[in-house]
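Enquirer: what's the 3D shape of this:
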Amino acid sequence: MDIHFVREKVARGEVRVLHVPSVFKMQIFLLKACRVSCLMTFETVSAYDHFPLKLYGCVIDDIEKLLKGFLWSQSESSKGKAKVAWKSVCYPKDQGSLGLKSLKEWNETLLVKQIWRILTQKESLWGKWVNVVKLNGRSFWDIQPGSNDSCGWKFLIALREKVKPHVCVDRRNGREEILWLTNEGRKVHAFVLWLAVLNRLSTQDRMQVWYPHKMFSCALCGKTNDSVKHLFFQCDYSASVWNFLKSKLVFRGLPNHLPGIMQDMAQYPFSNNIWCIINRIVIAAGVYFIWNERNCRLFAQKEKDAAVLCGDIKEYVKLKLITFKVKKSVAVLKAAKMWDLQWQDMGFRIV
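Expert: Here you go, the predicted model:
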């Protein structure tokens, strides 16, 4: 791709494919002193209607040079005028930066989405073509690029190593299912646990203050109105779940109430020891899944047996564990055995 071609397109305002704001739009935004907003239009215009191409490093450097110049000096060149490194400018807003996207990382993200389409949208026209022409019955994870393959296909193959840590292939039940792993679930679990520790969940004992004449009952056991103390883990339903989870931990002497659990956990050093990590994941997941089950019963009239919920929590913990890189040790092998996993190549694998 010729960078002069890019500049000509920008100058003429023909930006639909490149998704770069036209000179006219730049001038309007400058008059309003909104430089960052202008750069954000580079990101917000949809790029999903086109098959993304791998941009070469020199092309990315030249395009980002234009963006840097616009941000710092309103000209093509910003050499010596940048007040902050471009890498720092591209950090997220919650880390104190402007939240602009790195063109290299965004380009790779769009390419990874094509891998996602190959693995999950096999009935689409694109998925059928790839599976028939490119894969021809072979696995995407094992295929090697041919000498006649296009550069785009070779780039997708090269991205597999970056994608693998975030994907779990479940071949149980005679079929292959792709599970994409993120950290979002763990953040939500930690947030719910934090609210529970502070006694700020909207439990029935707190609602009783607003509705003093209403009769409440625990959606899990029906014996009394629920509270943080009752739900975690005095209720018969939640107690059976907690007893199952404790059987999967090495610290089996933990009490059956949340304040005591957190107090005992505070005595252990916060470290990257495998059992410290598992304890944190299990406690947060247990609180979240029980709270979610309570809400499903109250507001969606759906319920799960305690054994089914235990199985869901176990599968969640296993999926989290297989994303970690761990060295072989007695503790790691014991954890793998207790959670029905297998240690292999610096990580856990589902048996």
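Enquirer: separation between the closest residue to Leu321 other than its chain neighbours and Ala336?
Expert: Leaving aside its chain neighbours, Leu321 sits nearest to Phe348 (4.8 Å; criterion: Cβ to Cβ, 6 or more residues apart in numbering). Yep, even glycine has a C-beta here, placed from its N, CA and C like the rest. The gap separating Phe348 from Ala336 is 6 Å, by Cβ to Cβ, to the nearest Å.
Enquirer: for Lys162, same thing?
Expert: Counting by Cβ to Cβ, the separation of Lys162 from Ala336 is 25 Å.
Enquirer: just Glu161 next, same as before
Expert: Counting by Cβ to Cβ - Glu161 and Ala336 are separated by 23 Å.
Enquirer: next: Lys187.
Expert: Counting by Cβ to Cβ - Lys187 and Ala336 are separated by 25 Å.
Enquirer: please apply the same query to Tyr288.
Expert: In terms of Cβ to Cβ, Tyr288 sits 24 Å off from Ala336.
Enquirer: what's the answer for Val250, then?
Expert: 13 Å.
Enquirer: thought Asn107 was touching Val59?
Expert: No: the criterion here is Cβ atoms under 8 Å, and Asn107 misses it with Val59 at 9.6 Å.
Enquirer: still on that earlier bit, which one of Val250 and Ala336 has more residues nearby?
Expert: More crowded of Val250 and Ala336, by other Cβ atoms under 10 Å: Ala336, with 20 against 14.
Enquirer: where does this structure have low pLDDT?
Expert: Residue ranges of the chain with pLDDT under 70: 1-53, 74-82, 94-96, 165-166, 168-186, 346, 350-351.
Enquirer: contacting residues for Trp86?
Expert: Contact partners of Trp86, counting by Cβ atoms under 8 Å, 6 or more residues apart in numbering, are 64, 68.
Enquirer: now the closest residue to Ala306 other than its chain neighbours: how far from Ser247?
Expert: If the residues on either side of it in the chain are set aside, Ala306 comes closest to Ser240, at 4.7 Å by Cβ to Cβ, 6+ apart. For Ser240, the distance to Ser247 equals 11 Å [Cβ to Cβ].
Enquirer: try Lys328
Expert: Lys328 is 24 Å from Ser247, by Cβ to Cβ.
Enquirer: and if you look at Asn225?
Expert: 29 Å.
Enquirer: ok, the two, which is more surrounded?
Expert: Ranked by neighbour count (other Cβ under 10 Å), Asn225 and Ser247 place Asn225 first, with 16 against 10.
Enquirer: test my guess that that one contacts Ala219.
Expert: No: with contact defined as Cβ under 8 Å, Asn225 does not reach Ala219; the gap is 10.1 Å.
Enquirer: off-centre distance for the longest helix anywhere in the chain?
Expert: The longest helix of the chain (DSSP state H) is helix 274-295. Taking Cα atoms, centre = their mean, to the nearest Å, the mean C-alpha location of helix 274-295 is offset from the chain mean by 17 Å.
Enquirer: counting contacts, what elements does it pack onto?
Expert: helix 184-197, helix 236-246, helix 258-266, helix 306-321, helix 330-338 (3 or more Cβ pairs under 8 Å, 6 or more residues apart in numbering; DSSP states H and E).
Enquirer: winner for burial among those helices?
Expert: Mean neighbours per residue, mean count of other Cβ atoms under 10 Å, is largest over these for helix 236-246, with a mean of 20.
Enquirer: so what angle separates the directions of that one and helix 306-321?
Expert: 40 degrees (axes from the mean of the first three to the mean of the last three Cα atoms, to 10 degrees).
Enquirer: residues near Tyr211, how many?
Expert: With other Cβ under 10 Å as criterion, Tyr211 counts 10.
Enquirer: check which helix or strand covers it.
Expert: Following DSSP states H and E, there is no helix or strand that holds Tyr211.
Enquirer: am I right that Ile281 is in contact with Val317?
Expert: Yes: with contact defined as Cβ under 8 Å, Ile281 reaches Val317; the gap is 5.7 Å.
Enquirer: report the distance from stretch 235-246 to the chain centre.
Expert: 28 Å.
Enquirer: which residues are contacting it?
Expert: Against stretch 235-246 from outside (Cβ under 8 Å, 6+ apart): 218, 220-221, 223, 226, 231-233, 252, 254, 256, 282, 286, 289-290, 306, 309-310, 313.
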